[in-house]
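K.L.:
here is a sequence with its predicted model. Questions after.
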Amino acid sequence: INTTVRPAEVGDPILFGASAAYENANPGQTRTEYSDLPLVDGKEIIWWVPETDKVQIYCEQAYVPGFTGDEAHTSHYTVMGSKSNGEDHANWLQKQGEASLSWGGQNEHTFYGIYPSKTMFLSDGAESALTEEELSSFNFSGTTAYGYVHSEQIPASVVDTEVNGVTSYVAKADMRYAYMVAKTTTTRAKAYEVGPNGVNGVSMNFIPLATALEVTLSLPTDDEAKVDVNPVPIAQISVQGNGVAGQFSTDLQNWNGQTLEGLTVNSGNYSNTITIPVDASTGTDGAAMGLLLKPGDSFTFTVFLHPNADIDAL
């Protein structure tokens with residue numbers, strides 16, 4: 001059957017897509033859940049978490065009906081799609097609420113994206129919710145994107161694996177702290193070309209801006225230490241360095257959208273300490289319990305650092 005897809009017209013809602021997996025992306029950096037697969041070119045394979053991850057997109061040429069100022073050119077979207085049976089399925093962005101970007105009068109449009117959208121923090125409990133000042137940091141002002149690396153990073157979960165009495169604990173990072181940016185330029189006609197999965201839409205490839213640092217703490221055995229080793233309780237990890245957390249901004253107008261080269265990041269209010277609360281289990285009375293490392297045990301965690309943090313000085 002021969003089909004014809006008409007080019008988008010002014011006022012039509014814009015259809016957005018997002019890369020599904022590392023090997024399908026160009027340059028190969030997508031989000032936001034670390035997989036258990038081997039590294040590829042030294043990089044983790046990361047997937048979107050469907051119906052959980054949210055992004056914000058700005059476009060000067062597009063518009064949001066009924067809004068004025070910067071709000072007339074920006075909208076929030078939820079990542080949709082899934083991964084099952086080892087196969088990647090198309091991911092697309094679904095608008096949040098009634099407001100979404102529509103095609104403007106110019107043919108060529110340039111789109112800018114940031115992850116996470118501040119809407120990812122609005123429905124959380126008080127323990128992990130950001131302050132009003134921190135929430136206001138996630139935004140666009142024209143082509144300048146604003147973000148915030150949180151100074152308290154609560155792990156999403158802690159999993160443990162025991163082999164021959166030795167336990168390895170791994171804290172899975174809360175990927176909302178993994179700040180990312182995206183940029184793409186396209187036309188109405190190109191966005192409505194038909195690909196193998198239907199109309200292509202506008203594809204946004206997000207590039208990590210915050211640095212993910214993985215650290216493993218290991219408690220030696222008596223034989224390794226050549227002395228008696230006692231169990232060590234851990235309730236909180238502290239990472240300290242120059243400007244490891246806090247506000248930052250970056251103008252994406254002259255960015256190539258492919259690598260971080262040439263992208264200048266400016267710092268706002270910052271913090272020199274990031275804390276990571278550790279809660280590996282819950283007691284029978286419902287009270288939170290920290291982590292108890294026995295000789296030979298290890299604890300691995302990931303911390304997201306401010307783009308300007310001096311890693312060598314941590």
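P.N.:
In hand now; what should we look at?
K.L.:
how much space separates the residue lying closest to D228 once chain neighbours are set aside from K294?
P.N.:
Once flanking residues are discounted, D228 sits nearest to D222: 5.8 Å by Cβ to Cβ, 6 or more residues apart in numbering. Where you see a C-beta, it was placed from the backbone N, CA and C, and this is true even at glycine. Separation of D222 from K294 (Cβ to Cβ, to the nearest Å) stands at 11 Å.
K.L.:
low-confidence bits of the stretch 101-250 of the chain, can you list those?
P.N.:
Low-confidence segments of the stretch 101-250 of the chain (pLDDT under 70): 123-130, 133, 193-200.
K.L.:
how about the strands in it?
P.N.:
Using DSSP state E, counting those that start in this stretch, the strands of the stretch 101-250 of the chain run over residues 108-115, 139-141, 144-149, 157-163, 166-172, 180-187, 194-195, 198-199, 202-204, 207-208, 211-218, 232-234, 236-251.
K.L.:
make a markdown table from these and add distance to K54 to it.
P.N.:
Formatted as a markdown table, the strands of the stretch 101-250 of the chain follow (distance: least, Cβ to Cβ, whole Å):
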| stretch | distance to K54 |
| --- | --- |
| strand 108-115 | 8 |
| strand 139-141 | 14 |
| strand 144-149 | 14 |
| strand 157-163 | 20 |
| strand 166-172 | 19 |
| strand 180-187 | 12 |
| strand 194-195 | 25 |
| strand 198-199 | 23 |
| strand 202-204 | 13 |
| strand 207-208 | 17 |
| strand 211-218 | 19 |
| strand 232-234 | 32 |
| strand 236-251 | 20 |
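K.L.:
so which of the ones you listed is nearest D312?
P.N.:
Shortest distance between D312 and the strands of the stretch 101-250 of the chain, using Cβ to Cβ, is found for strand 236-251: 9.0 Å.
K.L.:
which elements pack onto the helix or strand following the closest one?
P.N.:
Toward the C-terminal end, the helix or strand that comes next after strand 236-251 (DSSP states H and E) is strand 266-277. Applying 3 or more Cβ pairs under 8 Å, 6 or more residues apart in numbering; DSSP states H and E, one finds that strand 266-277 contacts strand 236-251, strand 298-305.
K.L.:
so what strands line up beside the first one?
P.N.:
It refers to strand 236-251. strand 144-149 (antiparallel), strand 266-277 (antiparallel) (DSSP bridges).
K.L.:
one more: the shortest one?
P.N.:
Sheet pairing here is set by DSSP bridges, and for strand 298-305 it gives strand 166-172 (parallel), strand 211-218 (antiparallel).
K.L.:
with just CA atoms, put the last one into CSV.
P.N.:
Included here for strand 211-218 are C-alpha records, laid out as CSV according to Å, rounded to 0.1, in the frame of the first residue of the first chain:
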residue,chain,number,x,y,z
THR,A,211,30.1,13.5,36.0
ALA,A,212,29.1,10.0,37.4
LEU,A,213,31.8,8.8,39.8
GLU,A,214,31.7,5.2,40.9
VAL,A,215,33.4,4.3,44.2
THR,A,216,33.9,0.9,45.9
LEU,A,217,34.8,0.7,49.6
SER,A,218,36.2,-2.7,50.6
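K.L.:
list the buried residues for it?
P.N.:
Of the residues in strand 211-218, 211-213 count as buried by neighbour count, 16 or more other Cβ atoms under 10 Å.
K.L.:
quick one: that strand to chain centroid distance?
P.N.:
Taking the mean of its C-alpha atoms, strand 211-218 sits 17 Å from the chain's own mean (Cα atoms, centre = their mean, to the nearest Å).
K.L.:
swap in the shortest one?
P.N.:
Between the centre of strand 166-172 and the centre of its chain there are 22 Å (Cα atoms, centre = their mean).
K.L.:
list the buried ones in it?
P.N.:
Buried residues in strand 166-172, counted by 16+ other Cβ under 10 Å: 167-171.
K.L.:
contacting residues for L135?
P.N.:
By Cβ atoms under 8 Å, 6 or more residues apart in numbering, L135 lies in contact with 118, 121-122.
K.L.:
so which of those wins on neighbours?
P.N.:
Using other Cβ atoms under 10 Å as the neighbour test, these are led by K118, with 21 neighbours.
K.L.:
could you give the average pLDDT over stretch 301-314?
P.N.:
Average pLDDT, stretch 301-314: 91.
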